[in-house]
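Novice: Here is a sequence together with a model predicted from it:
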Amino acid sequence: MSRAGIPAERIERSILVLRGHKVLLDADLANLYDVETKVLLQAVKRNPDRFPKDFMFQLTDQEFRNLRSQFVTSSWGGRRYAPYVFTEQGVAMLSSVLNSPRAIAVNIEIMRAFVRLREMIAGNKELAKGLDELEARIDRKLSTHDQAIAGILDAIRALMAPPAPTMKRRIGFVQND
C-alpha cells in the first residue's frame, strides 16, 4: 500500500502500452486522483501548453474500439468519445495542474510504478544477455550434462517470453448450433 492509500499493483495494472508508449487512461487517472474524468480533462484543457502530443494524446477510433472490446461496456452507457491517455511525462505534468495533496501523493506513486516497470524491463534484458553468453559457451553435443543445462536455459527463456494472447471466453448465454 502506498502513502496515497492506493495499492501499487493497482497503478501497475492500469499502465497500458499504446503506440510504443507506456500510458495511463484519463479515467484511470481520475479514479486514482479521486476526481471526475471531466474535472481532470478540464484542468488539462485550461493548460494546453503543458501537454504536448508526446505527453498526452487522444486514442483513435480504432484504438478506442479495441480498448472497448477488452472491457465489458454496455451499448447504451459509458463513454461516447475516445479517451485521452497520458505518458509518464504527462502524468508528471498533471501534478502542476491538479494541485491537491492527494494528486501530489498519487503522482509520486505513479512515478514509482513507471520506474519499477523500467527496472523490470532492464532486468529482463540483462538476464537475456547473460543467458545468451552462457548458451554460447555450451556445446550441446558434448555431454548429457551440457544438454541438461541447455534445456534449463530454454525453460528460462520460455518463462521470460511474454504470454501468448489467449482467447477470451464469452460471457452470457451461448447457444450452440
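Specialist: Cool, the structure landed.
Novice: Which positions in the biggest helix by length in the chain come out as buried?
Specialist: Of all segments of type helix in the chain, defined using DSSP state H, the longest is helix 101-137. Of the residues in helix 101-137, 103, 105-107, 109-110, 113-114, 117, 131 count as buried by neighbour count, 16 or more other C-beta atoms under 10 Å. Every residue, glycine included, has its C-beta placed from N, CA and C.
Novice: same check, this time on stretch 84-97
Specialist: 84-88, 90-91, 93-95, 97.
Novice: outside of that stretch, which residues touch it?
Specialist: 16, 18, 21-26, 29, 33, 40-41, 43-44, 46-47, 50-51, 54-59, 103-104, 107, 110-111, 114 (C-beta atoms under 8 Å, 6 or more residues apart in numbering).
Novice: are any of these buried, and which?
Specialist: 18, 21-26, 29, 33, 40-41, 43-44, 51, 55-57, 59, 103, 107, 110, 114.
Novice: Mind picking out the helix or strand in the protein with the poorest mean pLDDT?
Specialist: helix 144-160 (a mean of 64; mean pLDDT, DSSP states H and E).
Novice: Helix, strand, or coil at the residue nearest to Val23 when sequence neighbours are not counted?
Specialist: Distance criterion C-beta to C-beta, 6 or more residues apart in numbering; nearest residue to Val23, sequence neighbours excluded, is Val85 at 3.9 Å. For Val85, the assignment made with DSSP: H, G, I helix; E, B strand; the rest coil gives strand.
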